[in-house]
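[1] Starting from these lines, generate the structure:
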Amino acid sequence: MKHQKTRHRRPVRTRAELARSGPVATAVALQRMSSHMTTVSIDIYLTSDGEPARELLSHLGWLIALGAEISATVKPGMPEAKRLHAALRTVIQMSMDNAWQSSQAGTLDIAANESKALLIAHASIGLDLIASADWLASRIRDGQARLSDVAGAEIYSNEPTGASV
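    Presented below is the predicted three-dimensional model:
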């Protein structure tokens, strides 16, 4: 009778544990994020006013949604979280209008970079939010996103949800 080798399996690590481990993986992720942000920043400033820009809006929506939610988690009610939610609503409105507003380029570039910094600083929180950011980005890309898809000023008021702000 042959003796079968028993393989010792390491416990499966969660996404959050993987995000905190491995300096090479972290370095690669940072490099990719930096490269992607350069492309997005260039597109923000080179996109013509009134152009549909669905792909750009989708990328911005994904990134700013992550930043807004991370900020609301780690700094609830702070100006950064409010700014990021407002920027996200601006992206949604542009998507609904099917028109890029070049006057918003600077504001959205700042919001995207703030979001990138938050995602890097709080990667384990961001990993848990990717599915909802993917959902929102796909709605933006498909022209189906609505302002009701994201939180507005009501999350920062003391009034119960649904009350007039």
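
[2] just checking, A68 touches L84?
    Yes - between A68 and L84 a contact is recorded at 3.8 Å, counting by C-beta atoms under 8 Å. The way it works is simple: take the backbone N, C-alpha and C, and place the C-beta from them, glycine included.

[3] Give the residues shared as contacts by the two.
    Overlap of the contact sets of A68 and L84 (by C-beta atoms under 8 Å, 6 or more residues apart in numbering) consists of S115.

[4] In three-state terms, how would R32 be classified?
    helix (DSSP: H, G, I helix; E, B strand; the rest coil).

[5] Count residues in the vicinity of it, would you?
    10 (other C-beta atoms under 10 Å).

[6] Helices of the chain, start to end?
    15-20, 23-46, 54-74, 79-97, 105-121, 123-141 (DSSP state H).

[7] Based on its surroundings, how many neighbours for W100?
    23.

[8] if I pick it, what's in contact with it?
    47-53, 56-57, 94.

[9] list the buried ones in stretch 98-116?
    100-101, 104-105, 108-109, 111-112, 114-116 (16 or more other C-beta atoms under 10 Å).

[10] before we move on, the earlier item: name the member of the contacts of W100 with the most neighbours.
    Going by other C-beta under 10 Å, L57 tops those with 26 neighbours.

[11] is it true that that residue touches D97?
    No - counting by C-beta under 8 Å, L57 does not reach D97; the two are 10.2 Å apart.

[12] which residues do those two both contact?
    What both L57 and D97 touch, as defined by C-beta under 8 Å, 6+ apart, is an empty set.

[13] per-residue confidence at H122?
    pLDDT, H122: 87.

[14] Make a markdown table out of the contacts of W100 and add pLDDT and distance to P76.
    What follows is these, written out as a markdown table (pLDDT from 0 to 100; distance: C-beta to C-beta, whole Å):
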| residue | pLDDT | distance to P76 |
| --- | --- | --- |
| T47 | 96 | 33 |
| S48 | 96 | 37 |
| D49 | 96 | 35 |
| G50 | 96 | 36 |
| E51 | 96 | 35 |
| P52 | 94 | 34 |
| A53 | 95 | 31 |
| L56 | 95 | 29 |
| L57 | 97 | 26 |
| M94 | 97 | 26 |
